[in-house]
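Chemist: Sequence plus the predicted model coming up.
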Amino acid sequence: MNHSPIVGITSFYLRNKSQLGQEGVYVNTNYHEAVLASGGIPIVIPTGSPENAAIYIKQCDGIIFSGGEDIDPKFYHEDPSLHIGSFNTERDEFEFQLFREALKKDIPVFGICRGMQVINVALGGSLIQDIPSQCQNPIRHAQTIKRGKPFHSITIDENSHLYDLFQTTHLEVNSHHHQAIKDCGKELRPIARASDGTIEAIEHKQNPNVMAVQWHPEAMFYEKSDQAIKLFNYFISKCQHPSMHL
């Protein structure tokens, strides 16, 4: 592949009643900036019919499943807890199919925050609907400082692609979530955890083109974090050369 890779970024539907009732498709600018700075060409993918997912995938060399709302718990066979946030069932259904089509085409996939949870549920996993109310002795995962600044530590499994990339078992990451993986899908395994046991990264057992993290490296990229820059550079390189290994 000689051209800059085209990277699709999933989005959510924004209803902004503070600006004359305007509505639209939204993705945080940090995602675009990180892809562009790493050598990719970003395109925003609006939520659509699952039947159209394959059409979007044909246009892309890689996909970022971005952050956003909670996931409808019916997809992992639970009723909503008292503390679940808003969710968009149509977005969930579309992104599950988008992920399946990406696997069929074997293009690189990067899940970020909600995106990691989408990948997990698509492969049969489940979620903790609300960490503060459902977990014992949790640390704070909704940070109280600037979005792109590191907030808590994670420990990385030495037998993982993430360790191969960073050559360390310890990272400081940012944190903007209240849900997390409970049970991993059967084709996935956890490769990083926070000090309270929360799963912070996963990888596919057979497919090295699937990577996912619970934190927001695109926001850390904006703050010129070396680890975030390395993570995006690696992903964009994978989009150019899907068979590349560390």
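Modeler: Received, thanks. Numbers count the residues shown, from 1 in each chain.
Chemist: can you pull out the strands in the chain?
Modeler: Assigned strands in the chain, in chain order: 6-10, 12-16, 22-26, 41-45, 62-65, 109-112, 127-128, 152-156, 170-173, 180-181, 188-194, 199-204, 210-213 (criterion: DSSP state E).
Chemist: Show me the contact partners of the fifth one.
Modeler: Read it as strand 62-65. Outside strand 62-65, the residues that touch it by Cβ atoms under 8 Å, 6 or more residues apart in numbering are 5-10, 31, 35, 40, 45, 57, 95, 98-99, 102, 107-112, 114-116, 118-119, 212, 235-236, 238-239. Where C-beta positions appear, they are placed from N, C-alpha and C, glycine not excepted.
Chemist: Likewise for stretch 154-167?
Modeler: Residues outside stretch 154-167 that contact it (Cβ under 8 Å, 6+ apart) are 168-173, 190-195, 200-201, 203, 208, 211, 213, 215, 227, 230-231, 234, 246.
Chemist: quick one: average confidence on that stretch?
Modeler: Mean pLDDT, stretch 154-167: 97.
Chemist: What residues of that stretch count as buried?
Modeler: For stretch 154-167, burial by neighbour count (16 or more other Cβ atoms under 10 Å) applies to Ile154, Ile156, Asp157, Ser160, His161, Leu162, Tyr163, Leu165, Phe166.
Chemist: Take the residues you listed and write them to a markdown table, including distance to Phe221.
Modeler: Formatted as a markdown table, the buried residues of stretch 154-167 follow (distance: Cβ to Cβ, whole Å):
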| residue | distance to Phe221 |
| --- | --- |
| Ile154 | 17 |
| Ile156 | 19 |
| Asp157 | 23 |
| Ser160 | 21 |
| His161 | 19 |
| Leu162 | 16 |
| Tyr163 | 20 |
| Leu165 | 15 |
| Phe166 | 15 |
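Chemist: Taking those residues, tell me the two that lie furthest apart.
Modeler: The span of these, defined through Cβ to Cβ, is set by Ile154 and His161 at 14.9 Å.
Chemist: Can you flag the buried ones in the contacts of strand 62-65?
Modeler: Burial by neighbour count, 16+ other Cβ under 10 Å: within the contacts of strand 62-65 this picks out 5-10, 31, 35, 40, 45, 57, 95, 98-99, 102, 107-112, 114-116, 118-119, 212, 235-236, 238-239.
Chemist: ok, which stretches of this protein are helices?
Modeler: Assigned by DSSP state H, the helices in the chain fall at 29-37, 53-58, 89-105, 114-122, 131-134, 161-166, 217-222, 226-240.
Chemist: Work out the gap between the longest one and the centre of the chain.
Modeler: Its chain's C-alpha centre lies 13 Å from the corresponding centre of helix 89-105 when counted by Cα atoms, centre = their mean, to the nearest Å.
Chemist: Low-confidence ranges, the chain, go.
Modeler: Residue ranges of the chain with pLDDT under 70: 1-2, 16-21, 246.
Chemist: show me the contacts for the spatially most central residue of it.
Modeler: In the chain, the residue lying closest to the centroid (Cα atoms, centre = their mean) is Ile112, at 1.8 Å. By Cβ under 8 Å, 6+ apart, the contact list for Ile112 reads Ile64, Phe65, Ser66, Gly67, Ala212, Val213, Trp215, His216, Pro217, Glu218.
Chemist: Just put the residues you listed in JSON lines and tack on distance to Thr89.
Modeler: Converted to JSON lines, the contacts of Ile112 look like this (distance: Cβ to Cβ, whole Å):
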{"residue": "Ile64", "distance to Thr89": "21"}
{"residue": "Phe65", "distance to Thr89": "16"}
{"residue": "Ser66", "distance to Thr89": "17"}
{"residue": "Gly67", "distance to Thr89": "17"}
{"residue": "Ala212", "distance to Thr89": "21"}
{"residue": "Val213", "distance to Thr89": "25"}
{"residue": "Trp215", "distance to Thr89": "26"}
{"residue": "His216", "distance to Thr89": "24"}
{"residue": "Pro217", "distance to Thr89": "27"}
{"residue": "Glu218", "distance to Thr89": "25"}
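Chemist: Many thanks, we can stop here.
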